[in-house]
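Participant: structure for this input, please:
(one chain, ligands or ions: 1)
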Amino acid sequence: MDVLKKMINCVPQYRVIIFPESGTPLPVKENHTELEIGFGNGEFTVQYAKAHPEILLYGIEISQACVLRCARRAAGLDNLKIINTDARHMLPELFEDQSLNKIVMQFPCPWPGNAHAHRRVTAKDFSDRLAAVLKVQGVFEMLTDDKDYANEVWKVLGSHEALNPEDFIINPARSITTKYERKWLEQGKEIFKLTFRKIKSFTVLRRTSQEMHIKIKKQITEENVAALKNFSGKDTEKKSFWKFGRFFIEGNNNEKNIFLLEALTSDDEFEQKFFIHIAPRDEGFLIRPDKNSNVFLTPAVRSALNDAAEKL
Ligand SMILES: C[S@@+](CC[C@H](N)C(=O)[O-])C[C@H]1O[C@@H](n2cnc3c(N)ncnc32)[C@H](O)[C@@H]1O
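Facilitator: Model (predicted):
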């Protein structure tokens with residue numbers, strides 16, 4: 001991550017891309033900060049940021065290709081910051097409660113069917129997270145071409161304890177449009193714009209606010225760490241999965257080695273790859289996420305660390 005960050009910072013048009021750090025919420029502009037989730041090619045996002053130099057605009061996009069496309073369009077803009085991550089999982093880790101004036105989602109995939117319900121904005125976790133990071137009186141705006149999805153969002157978010165359904169507009173007049181919007185309009189489809197206002201304070205648990213260190217009172221050898229290779233575990237209830245991979249050794253004293261063990265985790269499809277740092281401390285060893293990995297302490301990461309400690 002650090003090497004990529006340095007490389008990207010050397011190229012002016014890519015300075016708009018930011019790399020959030022675990023445990024450090026993003027700075028906001030007190031009087032007006034907005035967020036767009038799933039900005040696609042970034043055409044709307046860049047035009048909107050140019051038209052509103054007085055605001056700070058964040059964009060979150062899960063696709064790396066889209067982030068790079070948007071960054072190229074955004075050269076020279078200093079009121080737009082874009083992040084390559086999964087908004088569903090990362091909203092509360094990136095923003096403090098009551099920090100955003102507006103959150104916009106334009107033409108998200110409606111994810112039809114029960115199997116994908118957890119990906120929709122109507123999933124309880126997602127709507128709670130949106131509600132937490134909005135300021136009281138802030139708004140969540142969603143545009144869609146899918147009538148059923150519009151009705152579902154209107155009903156579900158409209159009954160959220162912290163959100164008030166404010167507007168349901170069909171074919172709104174808009175000065176800036178998105179790529180998908182133009183596509184649907186050309187096909188003669190209707191566009192639905194839904195607005196919800198946050199009416200009272202609301203919070204969610206932050207999963208990554210604490211550091212995690214596990215002490216074990218025994219000596220750990222190369223053989224112990226090697227035995228973890230390819231070991232995997234899962235917690236079906238929490239939708240977490242973890243797997244250990246290769247390991248590296250720092251040092252050459254068999255009793256004082258530091259090990260870096262590769263781990264892959266997934267929390268409900270939110271994947272992270274990082275190193276577990278295993279180092280001698282007092283009479284035993286200390287196990288923690290490696291500081292250079294900048295990993296977010298999700299349930300799967302916690303389980304991976306606990307599992308490694310138990311098995312070592
Ligand atoms: C149908 S496209 C719409 C793009 C753009 N808003 C437009 O109207 O042209 C949906 C976008 O949301 C992004 N996306 C989907 N899930 C996401 C998530 N969990 N976090 C951030 N972006 C996401 C996709 O990569 C895709 O670019």
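Participant: which residues in the protein form helices?
Facilitator: All helices of the chain, identified by DSSP state H, fall at 2-10, 43-51, 64-73, 87-94, 124-133, 147-158, 179-186, 222-226, 299-311.
Participant: export those helices to a markdown table and tack on mean pLDDT and distance to Phe202?
Facilitator: In short, each C-beta sits where N, CA and C put it, glycine included. Shown next, in a markdown table, are these (pLDDT from 0 to 100; distance: least, Cβ to Cβ, whole Å):
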| stretch | mean pLDDT | distance to Phe202 |
| --- | --- | --- |
| helix 2-10 | 66 | 33 |
| helix 43-51 | 97 | 26 |
| helix 64-73 | 94 | 29 |
| helix 87-94 | 92 | 11 |
| helix 124-133 | 94 | 5 |
| helix 147-158 | 95 | 13 |
| helix 179-186 | 96 | 30 |
| helix 222-226 | 93 | 44 |
| helix 299-311 | 95 | 22 |
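Participant: what about these, which gets the closest to Thr236?
Facilitator: Comparing the helices of the chain by their distance to Thr236 (Cβ to Cβ), the top pick is helix 299-311, with 11.8 Å.
Participant: the residue lying closest to Ile60 once chain neighbours are set aside: neighbouring residues, count only.
Facilitator: Computed as Cβ to Cβ, 6 or more residues apart in numbering, the closest residue to Ile60 that is not its neighbour in sequence is Ala87, at 4.3 Å. By other Cβ atoms under 10 Å, 23 other residues sit near Ala87.
Participant: likewise for Glu54?
Facilitator: Glu54 has 8 neighbouring residues, counting by other Cβ under 10 Å.
Participant: same question for the one 5 residues further on.
Facilitator: The burial count assigned to Gly59 is 31, neighbours taken as other Cβ under 10 Å.
Participant: does it touch Thr45 like I think?
Facilitator: Yes - counting by Cβ atoms under 8 Å, Gly59 sits close enough to Thr45 to count as a contact (5.0 Å).
Participant: using CSV, list the CA coordinates for stretch 136-154.
Facilitator: Provided in CSV are the C-alpha atoms of stretch 136-154 (Å, rounded to 0.1, in the frame of the first residue of the first chain):
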residue,chain,number,x,y,z
VAL,A,136,-28.8,15.8,11.5
GLN,A,137,-30.8,17.6,8.8
GLY,A,138,-28.4,16.1,6.2
VAL,A,139,-29.9,14.2,3.2
PHE,A,140,-29.5,10.8,1.5
GLU,A,141,-30.4,11.0,-2.2
MET,A,142,-30.8,8.0,-4.4
LEU,A,143,-31.6,7.8,-8.1
THR,A,144,-32.7,4.7,-9.9
ASP,A,145,-34.4,3.6,-13.1
ASP,A,146,-35.9,0.5,-11.3
LYS,A,147,-39.5,1.3,-10.1
ASP,A,148,-39.6,-1.8,-7.8
TYR,A,149,-36.3,-0.9,-6.2
ALA,A,150,-37.4,2.7,-5.8
ASN,A,151,-40.6,1.6,-4.0
GLU,A,152,-38.7,-0.8,-1.8
VAL,A,153,-36.1,1.8,-0.8
TRP,A,154,-38.9,4.4,-0.1
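Participant: show me what counts as buried in it.
Facilitator: Neighbour-count burial for stretch 136-154, counted by 16 or more other Cβ atoms under 10 Å, picks out 138-146, 149-150, 152-154.
Participant: likewise for stretch 198-213?
Facilitator: For stretch 198-213, by 16+ other Cβ under 10 Å, it's 198, 202, 206-208.
Participant: identify all contacting residues around that stretch.
Facilitator: With contacts defined as Cβ atoms under 8 Å, 6 or more residues apart in numbering, stretch 198-213 is touched by 22-23, 92-93, 97-98, 128-129, 131-132, 134-140, 161-164, 286-289, 296-299, 301-302, 305.
Participant: how far away is Ile62 from the ligand?
Facilitator: Shown here: Ile62 relative to the ligand, a distance of 4 Å by Cβ to the nearest ligand atom, to the nearest Å.
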